[in-house]
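Peer 1: okay, here's the prediction I keep looking at, along with the sequence it came from:
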2 protein chains.
Amino acid sequence: MIDRLDRKILQILQEDATIPVAEIGRRVGLSTTPCWRRIQKLEEDRVITKRVAVLDPKKVNAKVTVFVSITTSQHNEEWLKRFAEVIRDVPEVVEFYRMSGQVDYLLRVVVPDIEAYDLFYKRLISRIDIADVSSAFAMEQIKYATALPLNYIPLEKDKGMA
Amino acid sequence: MIDRLDRKILQILQEDATIPVAEIGRRVGLSTTPCWRRIQKLEEDRVITKRVAVLDPKKVNAKVTVFVSITTSQHNEEWLKRFAEVIRDVPEVVEFYRMSGQVDYLLRVVVPDIEAYDLFYKRLISRIDIADVSSAFAMEQIKYATALPLNYIPLEKDKGMA
DNA sequence: TTTATCGAAGAATAATTTTCCCCATTCAGT
DNA sequence: ACTGAATGGGGAAAATTATTCTTCGATAAA
């Protein structure tokens, strides 16, 4: 599975994927080749799923985040499948969760302003049959991390040392 | 500002930042050098803030997402500043918003399971003075995108064509 | 002790990024 | 209309980085 070295590598790559393999190796105490192979393996194993550029929301006019809580009377598989499919292609919806508790689904929606959200909202409820919707507006994004916590990974015994 | 070509480039890079510049250029109809220069500028201008590796939550034992709604009696700058500082270094908190409406703050917290969440929760309320907390558990992450919608960018007139 | 396995290291090669120099277009000023 | 500066694009060379290949050393089982 994943050992300490892999975890260190992931930690680095989660924060900055532009760092050359040789430098990553140096930081984790490995020469280029084995470090490179580990990264390859992490990609093959789909631990690393992709590498992306992260943009500044303000600079692309995506300043407002809205959390949309959805309750539905429809609880069958078919309905969800269709719902998920519609959402998948809507770029304004950046996150989508099925919840436990009162709310059935939670969306994080990104738009430039309240008017744009209203348009989005009307388009959404016209496309899908939803029982109840409630919107909560974020005034400020204080933290946004793509990096997941790695301290919960069950560690394999370290591999042999040189 | 940003023109159509820049936007196309951003669209590509938001989805996959491993594509070579020459290939990106080909896709947007540009040769390597000017395409490279545009990407450089987007990075200088901090439109692109970073490039990161995205991991599979299941593979790193970060399977449970909890949305934590926080209400506080403290509404002064100092309190928020201290709160934000504490949160910044907690890797389990991947998102943090200041909200309008009933809830003051909203956190997205990532942990392996409910027990781990309980530990996290206890640690949180011991470190910070909070009036009211409510937790909502996500059962399933149906969509998670790091890519922001780009269709709201105010476009500059296209630059001269060769 | 021998052999098989696994990871590491270093050098060679391939691919990609980055730099450098030049050309075309636009536009303001004369 | 001409000139010159500013802006953006292109091709080829140089530099850096990724990838491959081959070898070496440690470990564990027989």
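Peer 2: Perfect, thanks for sending it.

Peer 1: how about the helices of chain A, start to end?
Peer 2: With DSSP state H, the ranges of helices along chain A come out as A:4-15, A:21-28, A:32-44, A:77-88, A:114-127.

Peer 1: now the angle from the first one to helix A:21-28?
Peer 2: Taking axes from the mean of the first three to the mean of the last three C-alpha atoms, to 10 degrees, one finds that helix A:4-15 is oriented at 120 degrees with respect to helix A:21-28.

Peer 1: neighbouring contacts of helix A:4-15?
Peer 2: A:2, A:19, A:24, A:27-30, A:35, A:38-39, A:42, A:47-48, A:146-148, A:150, A:153, A:155, A:158-159, B:50, B:52-53, B:55, B:60 (C-beta atoms under 8 Å, 6 or more residues apart in numbering or on different chains). Quick note: C-beta positions are derived from backbone N, CA and C, even for glycine.

Peer 1: chain neighbours aside, what residue packs nearest to the residue nearest the centre of chain A?
Peer 2: The centroid of chain A falls nearest to residue A:146 when counting by C-alpha atoms, centre = their mean (6.3 Å). Nearest residue to residue A:146, sequence neighbours excluded (C-beta to C-beta, 6 or more residues apart in numbering or on different chains): residue B:52, at 5.2 Å.

Peer 1: tell me who's in contact with the one you found.
Peer 2: Here residue B:52 is in contact with A:13-17, A:51-52, A:54, A:146-147, B:146 (C-beta under 8 Å, 6+ apart).

Peer 1: one more pass at 10 Å, please.
Peer 2: By C-beta atoms under 10 Å, 6 or more residues apart in numbering or on different chains, the contact list for residue B:52 reads A:13-18, A:50-54, A:145-147, B:17, B:146.

Peer 1: tell me the predicted confidence for it.
Peer 2: As predicted, residue B:52 sits at a pLDDT of 98.

Peer 1: winner for burial among the helices of chain A?
Peer 2: Of all the helices of chain A, helix A:4-15 has the most neighbours on average by mean count of other C-beta atoms under 10 Å in any protein chain shown, namely a mean of 18.

Peer 1: average model confidence for it?
Peer 2: Helix A:4-15 comes out at a mean pLDDT of 94.

Peer 1: any residue of that helix touching DNA strand C?
Peer 2: Yes: using C-beta under 7 Å from any atom of the strand, we find that helix A:4-15 touches DNA strand C at residue A:5.

Peer 1: tell me how chain A divides into domains.
Peer 2: Domains of chain A are assigned by automatic domain parsing as A:4-44, A:57-138.

Peer 1: need those in JSON lines (columns: distance to DNA strand D).
Peer 2: Output for the domains of chain A, formatted as JSON lines (distance: least, C-beta to the nearest atom of the strand, whole Å):
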{"stretch": "domain A:4-44", "distance to DNA strand D": "3"}
{"stretch": "domain A:57-138", "distance to DNA strand D": "17"}
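
Peer 1: redo these as TSV? Include distance to residue B:97.
Peer 2: TSV is the format used below for these (distance: least, C-beta to C-beta, whole Å):
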stretch	distance to residue B:97
domain A:4-44	21
domain A:57-138	4
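
Peer 1: so which of those comes closest to residue B:129?
Peer 2: domain A:57-138 (22.5 Å; C-beta to C-beta).

Peer 1: and the end-to-end length of that closest one?
Peer 2: 13 Å (C-alpha to C-alpha, to the nearest Å).

Peer 1: and what of stretch A:15-25?
Peer 2: 15 Å.

Peer 1: okay, now the sheet partners of the longest strand seen in chain A, with direction.
Peer 2: Counting residues, the longest strand found in chain A (DSSP state E) is strand A:132-144. Within its sheet, strand A:132-144 is paired with strand A:64-71 (antiparallel), strand B:93-99 (antiparallel), according to DSSP bridges.
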